[in-house]
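Participant: Give me a model of this one.
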Amino acid sequence: MIARSFHFGLLGQDIAYTLSPLIFDRLFALTASSGSFSVHDVPPDRLSSEIRRLRELDGFSVTIPYKERIINHLDGLVGDAKKIGAVNSVSVMKGRLMGYNTDLPGFAHPLASLSLTPRRILMLGHGGSARAVCAALVLTYPQAAISVCGRDGDRARSFVDAISQGFDAGVSLKPMTFEAILDDDHFEMIVNCTPMGSLASVEKSPLPAAFRFESCQVCYDLVYRPRPTLLLKQAAKHGCRTIDGLPMLVVQAMESFSLWTGMKFDKTATAQSVIDSLEKYLESPT
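Facilitator: Predicted coordinates:
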């Protein structure tokens, strides 16, 4: 009997930096399976035509800037994707595209081993990844007050309104401006869901230079290149525990791999094996 070969991909724009092909190569090796992973870097005006090509795959991941826009091109949403309103993983079943969100368990994974009870959380950003992160924070720390900060005040308010509809009325979510941060910066947890500080802006931080980290216990930056980001360096100087975006990137890919193949992992051990295999590619920021 000939073993099946899988064909997966990644949809996004300006994603030449992606580590996803390396991650999936490692997952193929660890599961003794075979397959390929293609990168589909397309501008918005080619999105519809590219999705027709993606229907030929067994599944594909979705990244910036299409996690919300992809929904209009899908045949249905499954599980957390309905509540979150963003999709990062698409399963192709007999030509039908079904959307999932594996960012949520990916984000939550490195927090599971920490004994945290934050009362106040600051989340920076209001894009597709932020939707999954916000949902994970609400589910993991239901008693925490979460402030959502973005440079576009109207979008931050719309984001909060949309996320709040999927949860109980007792959940504390509110928009916050960057100007207000310096007057009210007593947060036990900070999460950056913006691309600020990534390879295109390594000398920048999403927080004002005058921000005080004294109350911060954990600073979590979804950016994984460079390692660490300027934000995480700032937080570490004040004794704040730091988490970068690499574990989330790897675990969400593992969750997608399982969805598309039916194969299961020892999540912690497999994630560490994949992360170890990527270290040599992350030594340099280029």
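Participant: And the spatially closest residue to D75 that is not a sequence neighbour, how far from W260?
Facilitator: Excluding the flanking residues, the one nearest D75 by C-beta to C-beta, 6 or more residues apart in numbering is R96, at 4.4 Å. Yep, even glycine has a C-beta here, placed from its N, CA and C like the rest. According to C-beta to C-beta, to the nearest Å, R96 and W260 sit 14 Å apart.
Participant: who's more crowded, these two?
Facilitator: The residue with more neighbours, out of R96 and W260, is W260; 23 against 11, by other C-beta atoms under 10 Å.
Participant: Was I right to think the more buried one contacts G59?
Facilitator: Yes - with contact defined as C-beta atoms under 8 Å, W260 reaches G59; the gap is 3.6 Å.
Participant: Touching both of these two, which residues are there?
Facilitator: Shared contacts of W260 and G59 (C-beta atoms under 8 Å, 6 or more residues apart in numbering): F6, F8, S91.
Participant: can you tell me which residues contact the first one?
Facilitator: Applying C-beta under 8 Å, 6+ apart, one finds that F6 lies in contact with F28, S33, S34, G35, S36, D58, G59, W260, T261.
Participant: Report the contact partners of the last one.
Facilitator: Yep, that's T261 we're talking about. The contact partners of T261, by C-beta under 8 Å, 6+ apart, come to F6, T31, S33, D58.
Participant: try 10 Å
Facilitator: Residues in contact with T261 (C-beta atoms under 10 Å, 6 or more residues apart in numbering) are R4, F6, F8, L27, F28, T31, S33, G35, D58, G59.
Participant: May I have the secondary structure class of the second one?
Facilitator: Just to be clear, that refers to F6. Per DSSP: H, G, I helix; E, B strand; the rest coil, the local secondary structure of F6 is strand.
Participant: returning to what we had before: need the shared contacts of W260 and G59 in TSV (columns: distance to D41 and pLDDT).
Facilitator: Listed next are those as TSV, based on distance: C-beta to C-beta, whole Å; pLDDT from 0 to 100:
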residue	distance to D41	pLDDT
F6	21	97
F8	15	98
S91	21	98
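Participant: where exactly do the strands run in this protein?
Facilitator: 5-12, 34-41, 59-62, 76-77, 89-93, 96-100, 120-124, 145-149, 172-176, 189-192, 218-221, 241-243 (DSSP state E).
Participant: Let me know the angle separating the fifth one from strand 96-100.
Facilitator: What that stands for is strand 89-93. Strand 89-93 runs at 150 degrees relative to strand 96-100, counting by axes from the mean of the first three to the mean of the last three C-alpha atoms, to 10 degrees.
Participant: any idea how far P21 lies from S198?
Facilitator: To S198, P21 is 19 Å away according to C-beta to C-beta.
Participant: higher neighbour count, these two?
Facilitator: The neighbour count for P21 versus S198, taken as other C-beta under 10 Å, is higher for S198 (19 against 15).
Participant: between the shared contacts of W260 and G59, which is nearest L231?
Facilitator: F8 (31.1 Å; C-beta to C-beta).
Participant: Let me see the contact set for that closest one.
Facilitator: Taking C-beta under 10 Å, 6+ apart, we find F8 in contact with 20-21, 24, 27-28, 35-38, 54, 57-61, 92, 253, 256-257, 260-261.
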